[in-house]
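**Q** what follows is a predicted protein model with its sequence.
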Amino acid sequence: MIKLGGLVTLKPITEADVFTATSKETGTTSVFKSKDARDAAIKAGTHEKRKDDKDGAVKDPTDKPKVNIFNKDKEEPKKDKDTPQKDSTGGRAGNIEVNKAVRLKTKRMGITPKNLGKDEYQRRMSQAAVEALTDSNFHSEARKLIAMLEDNPEFAKNPNLDPNKPDIMSPEYDKWRKSSVYGSEFYDSSPGTDEIGQFASQEASFDGRDAIDAIAFDLKLNGSKELALKMQSIFDEQNESSTSLKKLVPEEYKINEGTRSQVGVIDRSGKIASAYVHFDGYPSNMKPGLKKHMKNEKDVLNLIKKGGARGIYNNKPVEFYNEKPSPIKGNFKDIEKYIKSADQRGGAEYVYLYNMKDKKWYFADTYKDKDIKKLF
């Protein structure tokens with residue numbers, strides 16, 4: 001501080017007056033009033049010296065380096081956004097943020113070679129990959145992946161085009177299903193596989209390629225490079241024959257995209273079959289939507305045969321998947337078991353069932369209900 005004619009002026013801060021250290025908790029730079037204060041914080045273990053702090057003093061953090069406007073660096077060549085970047089294995093690097101999120105998810109759930117053994121880990125990650133593709137509406141890619149894993153090219157074909165396919169509610173359907181690609185173990189689920197697959201799909205904004213790249217990323221880091229590259233290769237020879245769910249669904253549908261449901265029927269013998277509906281499955285939306293579009297068992301069976309829908313709204317046409325008819329099945333005599341299955345295997349927060357006997361709609365919250373109650 002300097003006195004000039006009775007006035008007090010502040011002494012300009014110099015490099016020697018500014019002492020900084022990095023907070024270990026936040027990673028931010030803290031400025032101390034003295035070297036002793038800075039050193040005390042470092043000794044206490046709350047801070048550490050900055051890498052550029054050689055003598056205990058660094059430049060004022062507010063200082064900005066001078067730029068020579070006449071010394072222009074050569075511009076780096078622009079990267080083609082449409083060309084996926086490769087990683088060290090030769091596969092696509094994918095979306096880094098999605099990769100990290102899915103990797104963390106699998107570790108937290110204990111889906112690792114250390115916990116399960118290499119073979120079981122690979123099997124579950126393959127099931128998760130098929131679920132991620134299916135959840136993202138990449139059904140043809142899901143079949144192609146299974147065909148590669150099973151070494152059966154016939155599995156890549158759409159079984160819904162089979163002229164001998166029996167009615168979904170007939171006794172012959174289960175036998176037919178087991179002989180088709182839908183009978184593959186990779187279309188089944190194991191503990192954690194549906195959750196990982198659906199998580200990857202959501203983190204990738206329903207882009208099947210990014211979801212697969214994220215699962216492949218975890219496989220590579222766990223020593224399963226060959227399987228990872230095989231998964232990624234399903235996109236190498238085609239221009240995304242499926243359309244991602246993100247592109248298909250209007251923006252206004254995405255407000256409550258996490259509320260999923262199973263919609264189905266209870267036939268006159270008590271058998272239950274239901275299909276997956278992706279968006280807005282909460283009762284206040286489904287009640288008017290079902291009244292509008294699902295007036296009888298024929299409408300519901302049509303929904304099941306077409307593999308479910310993206311949403312059921314009273315002011316919009318039903319957007320059927322027109323793909324994999326993989327219903328969740330059960331029996332009214334053990335309704336609690338069906339509700340659990342709709343949650344764990346069907347990814348549903350709510351179930352809606354049309355009872356053929358009394359022609360009424362019933363529903364249940366899979367998180368808390370053990371029985372169904374009348375919807376309307």
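**A** Good, I have the coordinates. Bear in mind that the values here come from a model prediction, so they are computed numbers and not experimental data.
**Q** so where is the stretch 51-200 of the chain shaky, pLDDT-wise?
**A** 51-84, 168-169 (pLDDT under 70).
**Q** go with 50
**A** Applying pLDDT under 50 to the stretch 51-200 of the chain picks out residues 54-79, 81.
**Q** can you show me the helices along it?
**A** 96-108, 113-116, 118-135, 139-150, 172-179, 193-203 (DSSP state H, counting those that start in this stretch).
**Q** nearest to residue 359, of these?
**A** helix 172-179 (23.7 Å; CB to CB). Just so you know, the C-beta spots here come from the backbone N, C-alpha and C atoms, and that holds for glycine as well.
**Q** show me what that closest one is packed up against.
**A** For helix 172-179, not one helix or strand is in contact under the criterion 3 or more CB pairs under 8 Å, 6 or more residues apart in numbering; DSSP states H and E.
**Q** which one, of the helices of the stretch 51-200 of the chain, ends up nearest to residue 212?
**A** helix 118-135 (5.9 Å).
**Q** in the closest one, what counts as buried?
**A** Buried residues in helix 118-135, counted by 16 or more other CB atoms under 10 Å: 121-135.
**Q** how about it as CSV, C-alpha atoms only?
**A** Only the C-alpha atoms of helix 118-135 are listed here, as CSV (Å, rounded to 0.1, in the frame of the first residue of the first chain):
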residue,chain,number,x,y,z
LYS,A,118,-15.5,-65.3,-19.3
ASP,A,119,-18.1,-67.5,-21.1
GLU,A,120,-21.0,-66.5,-18.9
TYR,A,121,-19.9,-62.8,-19.1
GLN,A,122,-19.8,-63.0,-22.9
ARG,A,123,-23.2,-64.7,-23.0
ARG,A,124,-24.9,-62.1,-20.9
MET,A,125,-23.3,-59.2,-22.8
SER,A,126,-24.6,-60.8,-26.0
GLN,A,127,-28.1,-61.0,-24.6
ALA,A,128,-27.8,-57.3,-23.5
ALA,A,129,-26.7,-56.4,-27.0
VAL,A,130,-29.7,-58.1,-28.6
GLU,A,131,-32.0,-56.3,-26.0
ALA,A,132,-30.3,-52.9,-26.8
LEU,A,133,-31.0,-53.4,-30.5
THR,A,134,-34.5,-54.5,-30.0
ASP,A,135,-35.2,-51.7,-27.6
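**Q** what ranges does the chain have for its strands?
**A** 2-4, 7-9, 19-23, 29-32, 47-48, 261-266, 271-277, 328-331, 350-355, 360-365, 373-374 (DSSP state E).
**Q** got JSON lines for those, with distance to residue 310 too?
**A** What follows is the strands of the chain, written out as JSON lines (distance: least, CB to CB, whole Å):
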{"stretch": "strand 2-4", "distance to residue 310": "73"}
{"stretch": "strand 7-9", "distance to residue 310": "70"}
{"stretch": "strand 19-23", "distance to residue 310": "47"}
{"stretch": "strand 29-32", "distance to residue 310": "49"}
{"stretch": "strand 47-48", "distance to residue 310": "52"}
{"stretch": "strand 261-266", "distance to residue 310": "12"}
{"stretch": "strand 271-277", "distance to residue 310": "7"}
{"stretch": "strand 328-331", "distance to residue 310": "17"}
{"stretch": "strand 350-355", "distance to residue 310": "15"}
{"stretch": "strand 360-365", "distance to residue 310": "19"}
{"stretch": "strand 373-374", "distance to residue 310": "26"}
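**Q** list the buried residues of stretch 203-222.
**A** 203-220, 222.
**Q** would you agree residue 286 is in contact with residue 293?
**A** No. Judged on CB atoms under 8 Å, residue 286 makes no contact with residue 293 at a distance of 10.4 Å.
**Q** who's more crowded, those two?
**A** Higher neighbour count among residue 286 and residue 293: residue 286, with 25 against 18, using other CB atoms under 10 Å.
**Q** in contact with the more buried one, which residues?
**A** 261, 263, 280, 312, 350, 352, 363, 375 (CB atoms under 8 Å, 6 or more residues apart in numbering).
**Q** how far away is it from residue 171?
**A** Distance of residue 286 to residue 171, computed by CB to CB, to the nearest Å: 30 Å.
**Q** residue 287 contacts residue 350, doesn't it?
**A** No. Contact between residue 287 and residue 350 fails when scored by CB under 8 Å: they sit 10.9 Å apart.
**Q** tell me the domain ranges of this protein?
**A** 2-48, 96-243, 255-374 (automatic domain parsing).
**Q** can you put those domains in a markdown table and add distance to residue 87?
**A** As requested, the domains of the chain are exported to a markdown table (distance: least, CB to CB, whole Å):
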| stretch | distance to residue 87 |
| --- | --- |
| domain 2-48 | 27 |
| domain 96-243 | 8 |
| domain 255-374 | 30 |
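**Q** so which of these gets nearest residue 86?
**A** Among the domains of the chain, domain 96-243 sits nearest to residue 86 (CB to CB), with 10.3 Å.
**Q** could you count how many residues lie near residue 110?
**A** 11.
**Q** over to residue 180?
**A** Residue 180 has 18 nearby residues by other CB under 10 Å.
**Q** ok, the one 4 residues further on next?
**A** By the criterion of other CB under 10 Å, residue 184 has 19 neighbours.
**Q** distance check, it against residue 205.
**A** With CB to CB as the criterion, residue 184 and residue 205 are 27 Å apart.
**Q** likewise residue 374?
**A** Taken as CB to CB, the span from residue 374 to residue 205 is 37 Å.
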